[in-house]
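Asker: What follows is a predicted structure for the sequence shown.
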Amino acid sequence: MNESHALLDLLVIGAGPAGIATAVEARQAGIQRILLLEKGPTHSFSIEKLYTPGKRVDKVYLGQQVECEGSVCIVDGSRESVLQTLDAFVNQYELAIRYDTEVAAIRRQEDGTFQVEDTKGQIYAARTVVIAIGVYGRPNRPDYPLPTSLKGHVHFDLTQPPPEGESVLLVGGGNTALEYAAFLYADHPVTLAYRGDAFVKANDINRRILEDLEAQQRLMVWRHADVASVRDAAEAPRVEITFKDGRVARFDHVLYAIGGATPQGFLQQAGIELTGKAPQVDHRFQTNVEGLFLAGDLVAGGKGSLVKAFNTGRTVVQEGLCADHLECRLPGQQP
Ligand SMILES: Cc1cc2nc3c(=O)[nH]c(=O)nc-3n(C[C@H](O)[C@H](O)[C@H](O)COP(=O)(O)OP(=O)(O)OC[C@H]3O[C@@H](n4cnc5c(N)ncnc54)[C@H](O)[C@@H]3O)c2cc1C
């Protein structure tokens, strides 16, 4: 373990949309010593990693008409314009972010403060902690084994896209799968395998794009195609897929877009109670651990969006931290 830092007022874990919004609202409320810890090499790392370049970003997402309630907001745009907007907030509010820092453990001390430890053993001490790590940190993996010899041929995101021209089996049927398909088809032979048939989890726009691509035979769509197992064929194309209906096919790559899991283990080690998969929070997103809050997708009940993430930051600060834990200067309040 490395030596403790000076006591922070607020430690935010995860510098994505929710973490950034929380820190901006906290700055505006006059909270002094704030630090964000971010696992990735840049802020908003989930967006960097999971949104395809040029991706359209809608403010009304998954049909959710939610207005921005606080200082952080976006307009409809693209992956790049959203990243730029978030960058501008980070710079304007001079947010202190420590990158390449993945938090491993959170412990509440007897005096009510927190000790937070990263994976390198560095300890941070804080009066309050907001966990804003999203749900994408750990993409779901299939429940059948994946041969380790297929490293480089099995993917869970597009951080290292398959080389141009190589064939890809894309497994999934939600927005992410459809957006990956629309991104990859121009340079790769793409087959989308979905165990359902109606793509009900995807939005209308993505569904329409897929239907057009399929009608123009730019990619293949296999419905009711549930993968049973994956084998290394040891010659190109390497990835041999057997489906539950007995069909066998080979591809250069397989890319899974089958959602992400709530990092339950992480929340539980911090002493947070869950009901099923959902962490328990009150109306201002405080957990059962006094002074420990959640923000963003973690409290979105599986239907997260950027605007919802921004709004949770405002609620946590104004109704939680400022009401009960820290000294604040809220707009309209007497000093
Ligand atoms: C493909 C795709 C398309 C989408 N399109 C839209 C859209 O058009 N419009 C819209 O409104 N929403 C969209 N969304 C949803 C939106 O991106 C999320 O709701 C939003 O990013 C949630 O923000 P968050 O801060 O809660 O989590 P995240 O964005 O996931 O941020 C969490 C941050 O925490 C970091 N982190 C994780 N674990 C740790 C750890 N242990 N220690 C330190 N840091 C950690 C991560 O690296 C990341 O930077 C889309 C999502 C996906 C996957």
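Answerer: Received it, and whenever you're ready, just let me know what you need.
Asker: In the protein, which strand is the longest?
Answerer: Scanning the chain for the longest strand, with DSSP state E as the assignment, gives strand 123-131.
Asker: Any idea how far apart the tips of stretch 91-99 sit?
Answerer: One end of stretch 91-99 to the other measures 15 Å (Cα to Cα, to the nearest Å).
Asker: Same question for stretch 145-158.
Answerer: 21 Å.
Asker: Backbone torsions only: list them for Asp226.
Answerer: phi -100, psi 120 (degrees, to the nearest 10).
Asker: got it, and Val24?
Answerer: Per degrees, to the nearest 10, the backbone of Val24 is at phi -60, psi -50.
Asker: do the one 4 residues further on as well
Answerer: The phi and psi torsions at Gln28 (degrees, to the nearest 10) take the values phi -60, psi -30.
Asker: cool, and the one 4 residues further on?
Answerer: When quoted as degrees, to the nearest 10, the phi and psi of Gln32 stand at phi -90, psi -70.
Asker: before we move on, what about Phe45?
Answerer: The phi/psi pair for Phe45 (degrees, to the nearest 10) is phi -70, psi -30.
Asker: Quick one: residues contacting it.
Answerer: Phe45 sits next to 15-16, 38-39 when contact means Cβ atoms under 8 Å, 6 or more residues apart in numbering. From N, CA and C alone the C-beta is placed, and that goes for glycine too.
Asker: follow-up on the earlier one: what lies in contact with the longest strand of the chain?
Answerer: Strand 123-131 has contacts (Cβ under 8 Å, 6+ apart) with 1-14, 19, 22, 35, 37, 106, 112-118, 266-267, 270, 291-295, 298, 313, 316, 321, 325-326.
Asker: Just after the helix or strand of the chain with the lowest mean pLDDT, pick out the following helix or strand.
Answerer: The weakest-scoring helix or strand in the chain, judged by mean pLDDT, DSSP states H and E, is helix 264-269 (a mean of 86). Later in the chain than helix 264-269, the nearest helix or strand by DSSP states H and E is strand 274-275.
Asker: Neighbouring strands of that following strand in the sheet, and parallel or not?
Answerer: strand 278-279 (antiparallel) (DSSP bridges).
Asker: Check whether Gly301 really touches Gly276, as I assumed.
Answerer: No. Between Gly301 and Gly276 there is no contact under Cβ atoms under 8 Å: 11.2 Å.
Asker: the more surrounded of these two?
Answerer: Higher neighbour count among Gly301 and Gly276: Gly301, with 9 against 6, using other Cβ atoms under 10 Å.
Asker: Roughly how far does the residue nearest to that one when sequence neighbours are not counted sit from the ligand?
Answerer: Distances taken as Cβ to Cβ, 6 or more residues apart in numbering put Ala278 closest to Gly301, at 6.8 Å, once the chain neighbours are dropped. Between Ala278 and the ligand the distance is 15 Å, computed by Cβ to the nearest ligand atom, to the nearest Å.
Asker: Distance-wise, check Ala278 relative to Asp297.
Answerer: 12 Å (Cβ to Cβ, to the nearest Å).
Asker: Looking at the two, which one has more neighbours?
Answerer: Neighbour totals were compared for Ala278 and Asp297, and Asp297 leads with 28 against 15 (other Cβ under 10 Å).
Asker: looking at this, that one is in a strand?
Answerer: No. Per DSSP: H, G, I helix; E, B strand; the rest coil, Asp297 lies outside any strand segment and is helix.
Asker: which one is it nearest to, not counting chain neighbours?
Answerer: Nearest residue to Asp297, sequence neighbours excluded (Cβ to Cβ, 6+ apart): Gly304, at 3.6 Å.
Asker: Verify the assumption that that neighbour is located in a strand.
Answerer: No. Gly304: not assigned to a strand; according to three-state DSSP it is coil.
Asker: OK, contacts around it?
Answerer: Here Gly304 is in contact with 134-135, 296-297 (Cβ under 8 Å, 6+ apart).
Asker: if you look at stretch 185-205, does any of it touch the ligand?
Answerer: No. Counting by Cβ under 6 Å from any ligand atom, the ligand is not contacted by stretch 185-205; separation bottoms out at 8.7 Å.
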